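**Student:** take this sequence and fold it.
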Amino acid sequence: MEAGKGPILVIINPTASRGRGVRAWARVRDAVASRGFVVTEVLTERRMHAWEIARGAGQQGYSTVVAVGGDGTVHEVINGLMQTAQTARPALAVLPGGTGNDFARGIGTPKRAELAIQALLNGTRKRVDVGQVNDRYFGSISGVGFDAETARQANQWPKWIGGTALYVAALLKMLVAYTPVETTITIDGRVQTIRMFLLAAANTKWYGGGMFMAPHADMNDGRLAVVYARDLGKLETLAVLPKVYSGKHLLHPKVSHTTADEIRVESDTPLSIHADGEIVGRVPAVFRAVHGALEVLVPQLP
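**Tutor:** Now for the predicted structure:
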């Protein structure tokens, strides 16, 4: 199906990656207008504002919502769209403007704005799955353990430190402070209790700015890819972490992976839950995929 030319709502996060999204949209705005699209632009003003804006987009007659920012912006927009009945839910296009942009990578949207906007101008629509953890939705990956505690720490520090530097600083702190936790994991009814380092429930293959966490993830199969690591020690963690960028971490004997309809995580320790890098609560956590929940605009294949 062609992208179409219904009214478009552009939600721009002006603080994403120190204004990168604003600059990206400025470079392509004229190209969109020249094609006859009716466009409304809104700048977000606070946390969760993109969620609020996207929630009303369908009722206001928009056919497409463009998220301009990083994975945090996309996360909020997806949650807003998912509060609209599927029959009235606008399609989602992404103009990458953040540090990671992993959801955009997952649907095949190029990082460069002039190429990414072609999904809106000349692209096609396709349906993809959306992940769900408890009552929150996510586009890329959700999880508990080391990565969630790293995200929690990063979210506590001032944003002026910068996206990548902030994450690296939080990662280094967690390498020292974090220890695996006794956790009960139930995967499609199969129960096991382990000293868990982390568990990732993945809708896309990537997170964390290009970490190839779940090479077996498929956004169209109605299931989540699961990766979980047992009690990695400090030196083991240092050895495994670089391999996440190539997917070779799955070869480590303490790392397991599968796919599932439902994953449950319970622990007496109040572990944080992250979704797309945003902290969304604490365990217990129930992860599922919502099959074909979202229509996205993607570039046409040559």
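**Student:** so which residues of the stretch 151-300 of the chain form helices?
**Tutor:** Remark: helices assigned in the stretch 151-300 of the chain by DSSP state H, counting those that start in this stretch are 163-177, 234-240.
**Student:** most tightly packed of those?
**Tutor:** Among these, ranked by average contacts under mean count of other CB atoms under 10 Å, first place goes to helix 163-177 (a mean of 15). (Each C-beta comes from the backbone N, C-alpha and C, glycine too.)
**Student:** where do the domain boundaries of the protein fall?
**Tutor:** Per automatic domain parsing, the structural domains of the chain span 8-122, 138-291.
**Student:** neighbours of Ala85, how many?
**Tutor:** Using other CB atoms under 10 Å, Ala85 has 8 neighbouring residues.
**Student:** what sits against it?
**Tutor:** Gly58 (CB atoms under 8 Å, 6 or more residues apart in numbering).
**Student:** where's it relative to Gly123, distance?
**Tutor:** Ala85 sits 24 Å away from Gly123, going by CB to CB, to the nearest Å.
**Student:** what about the stretch 1-150 of the chain, any weak spots by pLDDT?
**Tutor:** Low-confidence segments of the stretch 1-150 of the chain (pLDDT under 70): 1-5.
**Student:** can you pull out the strands in it?
**Tutor:** 8-12, 39-43, 64-69, 91-96, 124-133, 136-138, 141-145 (DSSP state E, counting those that start in this stretch).
**Student:** now render those strands as JSON lines, adding distance to His257.
**Tutor:** Shown next, in JSON lines, are those (distance: least, CB to CB, whole Å):
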{"stretch": "strand 8-12", "distance to His257": "34"}
{"stretch": "strand 39-43", "distance to His257": "40"}
{"stretch": "strand 64-69", "distance to His257": "29"}
{"stretch": "strand 91-96", "distance to His257": "27"}
{"stretch": "strand 124-133", "distance to His257": "16"}
{"stretch": "strand 136-138", "distance to His257": "18"}
{"stretch": "strand 141-145", "distance to His257": "13"}
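**Student:** which one, of the ones you listed, ends up nearest to Ala202?
**Tutor:** Ala202 sits nearest to strand 141-145 of all those, at 4.5 Å, using CB to CB.
**Student:** which elements pack onto the closest one?
**Tutor:** Secondary structure elements in contact with strand 141-145, counted by 3 or more CB pairs under 8 Å, 6 or more residues apart in numbering; DSSP states H and E, are strand 124-133, strand 181-187, strand 198-202, strand 272-275, strand 285-298.
**Student:** that strand pairs with which strands, parallel or anti?
**Tutor:** Strand 141-145 sits in its sheet next to strand 198-202 (antiparallel), strand 272-275 (antiparallel), going by DSSP bridges.
**Student:** out of the helices and strands packed on strand 141-145, which is closest to Ala151?
**Tutor:** Minimum separation from Ala151 across those (CB to CB) falls at strand 272-275, 4.4 Å.
**Student:** alpha carbons of the closest one, in PDB - could you do that?
**Tutor:** Taking C-alpha atoms only, strand 272-275 is exported to PDB below (Å, rounded to 0.1, in the frame of the first residue of the first chain):
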ATOM      1  CA  SER A 272      13.700  -2.400  37.800                       C
ATOM      2  CA  ILE A 273      12.000  -3.000  34.400                       C
ATOM      3  CA  HIS A 274      13.100  -1.000  31.400                       C
ATOM      4  CA  ALA A 275      11.200  -0.700  28.100                       C
END
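**Student:** so for that strand, what's the average pLDDT?
**Tutor:** Taken as a whole, strand 272-275 has a mean pLDDT of 96.
**Student:** contacts for that strand, please.
**Tutor:** Residues contacting strand 272-275 (CB under 8 Å, 6+ apart): 75, 131, 133-134, 136-138, 142-144, 147-149, 151-152, 279-283, 285.
**Student:** hey, where'd the helices end up in the stretch 1-150 of the chain?
**Tutor:** With DSSP H, counting those that start in this stretch as the criterion, the stretch 1-150 of the chain has helices at 20-34, 49-55, 71-81, 102-107, 113-116, 118-121, 146-156.
**Student:** now these in a markdown table, with mean neighbour count and distance to Val265?
**Tutor:** Formatted as a markdown table, the helices of the stretch 1-150 of the chain follow (neighbours: other CB atoms under 10 Å; distance: least, CB to CB, whole Å):
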| stretch | mean neighbour count | distance to Val265 |
| --- | --- | --- |
| helix 20-34 | 16 | 33 |
| helix 49-55 | 21 | 24 |
| helix 71-81 | 27 | 20 |
| helix 102-107 | 25 | 21 |
| helix 113-116 | 17 | 34 |
| helix 118-121 | 22 | 35 |
| helix 146-156 | 21 | 10 |
